[in-house]
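[1] Give me coordinates for this.
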Amino acid sequence: MNKYLAIDLGAESGRIMRGSIAEGVFELTEIHRFPTGMLSLHRSYFWNIYRFYEEILNGFRKYAALNHSMPVSIGVDTWGVDYGLKSKEGKLIGLPHTYRDKRTESVLAEFNEILTLEKIYDLTGIQMLPFNTLFQLYAESKINPGIFDKVSDLLFIPDILNYFLTGIKKTEFTFATTSQLLNPFNENWEPLLFNALRIDPGIMQEVNKPCTVLGKLSKEISENTGLRRIPVISVASHDTASAIAAIPAEGENWAFMSTGTWALIGFENDRPIINTISRKYNFTNEGGINGFRVLKNMTGFWILQKCRSSWGEKEFDYEKLTAMAQTARPFTFYIDPDDPDFLNPTNMIESIHFYCKKTNQQMPAEKAEIVRGILESLALKTRCIIDEANEIREEPIEKIYITGGGVHNKLFCQFVANATGLDVITVLAEGTAAGNVIAQAIAMGDLQNLEEGRKLIGNSIKPEVFNPKEIKNWEGAYQKFNSILNKNN
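    Numbers count the residues shown, from 1 in each chain. Reported below is the predicted structural model:
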């Protein structure tokens, strides 16, 4: 039996998962889990990267204490776009900012005066979002003039952790594509963007492919944790790329939906799709293990997470909130999950009330109505994105595979089927960790390719299928939803 350790960091929690492959069966076991979450300091938001590193070492120690056999390798994946800056003295310059920090609120309009957003899209094929690395760097240079004169290296979040683990500095392809700094056609950092930023592209790292060996675990970590100096693999280090790699899809005309704090909805393609339609709908082209993922980011369960935080996380777990929503009246209000009001408010419930007021809707009073309205709105926004994707594609989408934490919320999965009129197939809740393991197994020669890895997962799980119901009611709701979004934009 071959065992691999997947380090999978999300915006809400991090986990160390053991993946094992034996006799055609794939299994995942949780070794260690810890909260990530943002650190608020002087009205800015950061990632406490040193605490994450300590928790990863704790996970290694747990594994070494519980297991007699060493893992074959280790791989790291995280959320996208965020980075740290290393000084010429070899240390990080402060903690990495989070993508929800308010420093990028007005940057799109400002940067458009330097280099048009249309030109940026043509160069990168990446969805215009104010927190993309490109715009974070612009905000950084405005707030801290001259800071890049002190910088030797830009390291993305998985790069930082890999550097801590091995001492090697590289950036993996799938993550590089999310930054809006890479040209997807030549797969190099785009000089025009760095010229516009007035930043030396020399701070960027060599881009390497997923499913390759990065280096070995350092001697210091080996001695401190009990693990041998095993290989550290460049997996698909952007978590969505790993999650999609683990979908055991059948056929060609399928879409994916990777769910968590964010929801990422799209389809696979062998090359980027960058044209007037994809630009109109603000679709992004991100790298995958094979080819590209043409997708759109949508705010996911973040809104519900923030509401739950206000209500009391211990008293109202997700299962209880979903059960409450099941019995609530349908379609009492609608929100656009991607409205700026919901990016990082102090009080999410007040933001929902404010949105309802400005769109002339009755404000929800009961917790059950709020939860149901959030889930319905997420499903209806999914329908919008699927409709847009069908305009971009040559063939219409016939089914949707959902991976990530959202697979546990069966009410939401049914809502997505109802809203889109498509069959929804749920696969792995820990799809990201599974894809991480698959990439390690390919790098170590234990699997031949991605297709073999997907087949292995397909033979090891039992997907659940949700067929569309109440289509007429949901079609009416979709028209109302679109009307509210159009009036608010």
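[2] C-alpha from now on. contacts and neighbour counts both.
    Fine.
[3] low pLDDT regions in the stretch 251-400 of the chain?
    Residues of the stretch 251-400 of the chain meeting the criterion pLDDT under 70: none.
[4] which residue ranges form the strands in it?
    Ranges of strands within the stretch 251-400 of the chain are 254-259, 262-269, 284-287, 292-299, 399-404, based on DSSP state E, counting those that start in this stretch.
[5] I would like the residues contacting the fourth one, please.
    Read it as strand 292-299. Identification of contacts with strand 292-299 by Cα atoms under 8 Å, 6 or more residues apart in numbering yields 127, 241, 261-273, 282-287, 337-338, 385, 389.
[6] And for the second one?
    Applying Cα under 8 Å, 6+ apart, the set of residues contacting strand 262-269 from outside is 240, 254-258, 291-302, 382, 385-386, 389.
[7] Tell me the strands beside it, with direction?
    With DSSP bridges as the test, strand 262-269 is paired with strand 254-259 (antiparallel), strand 292-299 (antiparallel).
[8] Could I have the CA atoms of that strand written out in PDB?
    C-alpha atoms of strand 262-269 as PDB (Å, rounded to 0.1, in the frame of the first residue of the first chain):
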ATOM      1  CA  TRP A 262     -16.100  30.100  -2.800                       C
ATOM      2  CA  ALA A 263     -17.900  28.200  -5.600                       C
ATOM      3  CA  LEU A 264     -16.100  27.800  -8.900                       C
ATOM      4  CA  ILE A 265     -18.200  26.700 -11.800                       C
ATOM      5  CA  GLY A 266     -17.000  25.800 -15.300                       C
ATOM      6  CA  PHE A 267     -15.700  23.200 -17.600                       C
ATOM      7  CA  GLU A 268     -12.400  21.700 -18.900                       C
ATOM      8  CA  ASN A 269     -10.800  22.600 -22.200                       C
END
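[9] That one to strand 399-404, inter-axis angle?
    Taking axes from the mean of the first three to the mean of the last three Cα atoms, to 10 degrees, one finds strand 262-269 and strand 399-404 inclined to each other by 130 degrees.
[10] ok, and for the longest helix belonging to the chain, which residues are buried?
    In the chain, with assignment by DSSP state H, the single longest helix is helix 367-392. Of the residues in helix 367-392, 367-386, 388-389, 392 count as buried by neighbour count, 16 or more other Cα atoms under 10 Å.
[11] Check the offset of it from the chain's centre.
    Here the centre of helix 367-392 is set off from its chain's centre by 18 Å, with Cα atoms, centre = their mean, to the nearest Å.
[12] same check, this time on stretch 252-270
    Distance of stretch 252-270 from the chain centroid (Cα atoms, centre = their mean) equals 11 Å.
[13] Quick check: end-to-end length of that stretch?
    Terminal residues of stretch 252-270 lie 12 Å apart, using Cα to Cα, to the nearest Å.
[14] and what of stretch 198-208?
    Taking Cα to Cα, the first and last residues of stretch 198-208 lie 25 Å apart.
[15] which residues sit against that stretch?
    For stretch 198-208, the surrounding residues in contact (Cα under 8 Å, 6+ apart) are 148, 151-155, 169-173, 176, 187-189, 191, 194, 234.
[16] Also stretch 126-139?
    With Cα under 8 Å, 6+ apart, stretch 126-139 has contacts from 81-83, 99-100, 103-108, 111, 117, 121, 177-181, 193, 197, 279, 282-286, 296.
[17] Of these, which belong to helices?
    107, 108, 111, 117, 121, 177, 178, 193, 197, 279.
[18] would you turn these into a markdown table with neighbour count and distance to residue 67?
    Shown next, in a markdown table, are the ones in helices among the contacts of stretch 126-139 (neighbours: other Cα atoms under 10 Å; distance: Cα to Cα, whole Å):
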| residue | neighbour count | distance to residue 67 |
| --- | --- | --- |
| 107 | 17 | 49 |
| 108 | 17 | 50 |
| 111 | 17 | 52 |
| 117 | 17 | 52 |
| 121 | 22 | 48 |
| 177 | 28 | 37 |
| 178 | 25 | 36 |
| 193 | 22 | 48 |
| 197 | 19 | 49 |
| 279 | 19 | 50 |
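[19] and of the residues you listed, the nearest to residue 462?
    Using Cα to Cα, residue 178 is the member of the ones in helices among the contacts of stretch 126-139 that lies nearest residue 462, at 31.4 Å.
[20] tell me the phi and psi of residue 231?
    Main-chain dihedrals, residue 231, degrees, to the nearest 10: phi -70, psi 140.
[21] who touches it in this structure?
    Residue 231 is in contact with 72, 73, 74, 213, 214, 215, 216, 217, counting by Cα under 8 Å, 6+ apart.
[22] Now it: closest residue in space that isn't a chain neighbour?
    Nearest residue to residue 231, sequence neighbours excluded (Cα to Cα, 6 or more residues apart in numbering): residue 216, at 4.3 Å.
[23] That neighbour reaches residue 230, doesn't it?
    Yes: counting by Cα atoms under 8 Å, residue 216 does reach residue 230; the two are 5.5 Å apart.
[24] between those two, who's got more neighbours?
    More neighbours surround residue 216 than the other of residue 216 and residue 230, with 20 against 16 (other Cα atoms under 10 Å).
[25] Next, the contact list for the more buried one, please.
    For residue 216, counting by Cα under 8 Å, 6+ apart, the contacting residues are 165, 166, 229, 230, 231, 232.
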